[in-house]
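Chemist: A predicted structure for the sequence below; I have some questions about it.
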Amino acid sequence: MHFKGLQDNKVLIAKRDGSPVKVLFGSTNFSFRGIYIQANNALVFRAPEAAALFARVFDIAFEHSRSMSADPIFKQWHLVQLNDKPPIHFCFSPHQDSDLSLSPLGAAIDQATSSVFFCIAFLNQAKSGAVREAIDRLEGKNVFSYGISDRAGGLEVTKPDGSRGIADFKFLADNAPEPFKSEWSGGEGVHEHHKFVVTDFNLSTAKVFTGSSNLSVSGEEKNGDNMVMIEDPRVATSYAIEALRIFDHLHFRSNMSDAANRSDHGSLKLQKPSSMSGKAAWFEKYYVAGSQAESDRRLFSH
């Protein structure tokens, strides 16, 4: 078609009497795997102002040949501000310069003071760019961060302390009791296909960046893609919960795999009450000043 890379938009536009009235878009490929196997997200905007932007991009894809990125719609962010609704900003690719879309996201990650959650399917394939560089800088910051990205051989999990592990679906299939033992791994291919970043979900400055974009330099400059920035704590919290859902599942797999190398061969044991064990209560570590556990407690009890 008319893109230098992929036509990577996943968009449905509804029109009434020839005018766009609502639009569905996101990371979800409209396929069996995209809907039933992969972790994905999609949004529906019942707003003609938003739908009209996507309709214009759709039309341009058929009108232009090799000059799509020169059209004004691909050269700026587009604000949609409706009554009593949070500010919504849209950005469409391809761009002549990926910094147009990636720099605001990188800046949001750098400026976060509370937390950063990210699910970026192909983060490991990005070797440069504002987003990859900002994610790498997170390890040196006193900011809570959770992250997941898909990679060959497993799913990479960025832990709260900045360390990384690989969560392998095969481990639980080989070691867990039923019904988990018969869990289907989903076969070959990508499992975590989300592309979203959440910054400071518990603050008034909360932001969510998502869409079909792979958040990479090559994708933004070559692919047909879309990105949205939503400035709203409620929406940010919903995406933070989704990040936690995926992360905790994969973190459990990673911990089980690590535990297999111990003398107990990965068994899980419930901790007894202090009155029976004579040991510290399970929750006391969450009150140790300056610890990661204390930061967790303060963040999630906000």
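Modeler: Sure thing, it's come through.
Chemist: okay, buried residues for stretch 108-118 please.
Modeler: For stretch 108-118, burial by neighbour count (16 or more other C-beta atoms under 10 Å) applies to 108-110, 112, 114-118. Just so you know, the C-beta spots here come from the backbone N, C-alpha and C atoms, and that holds for glycine as well.
Chemist: can you give me the distance of Gly18 to Pro48?
Modeler: Counting by C-beta to C-beta, to the nearest Å, the gap from Gly18 to Pro48 is 12 Å.
Chemist: those two: who's more crowded?
Modeler: Pro48 (17 against 5; other C-beta atoms under 10 Å).
Chemist: got the contact list for that one?
Modeler: The neighbours of Pro48, taking C-beta atoms under 8 Å, 6 or more residues apart in numbering as the test, are 19-22.
Chemist: now do 7 Å
Modeler: By C-beta atoms under 7 Å, 6 or more residues apart in numbering, the contact list for Pro48 reads 19-21.
Chemist: dump those residues to TSV, plus distance to Asn83.
Modeler: Formatted as TSV, these follow (distance: C-beta to C-beta, whole Å):
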residue	distance to Asn83
Ser19	20
Pro20	19
Val21	17
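Chemist: how about the helices in the stretch 101-250 of the chain?
Modeler: Ranges of helices within the stretch 101-250 of the chain are 130-137, 169-175, 217-222, 233-259, based on DSSP state H, counting those that start in this stretch.
Chemist: after the longest one, next one along is what?
Modeler: Along the chain past helix 233-259, the next helix or strand (assigned with DSSP states H and E) turns out to be helix 274-277.
Chemist: distance between the helix or strand just after that next one and the chain's centre?
Modeler: Toward the C-terminal end, the helix or strand that comes next after helix 274-277 (DSSP H and E) is helix 292-300. Centre-to-centre, helix 292-300 and its host chain are 21 Å apart (C-alpha atoms, centre = their mean, to the nearest Å).
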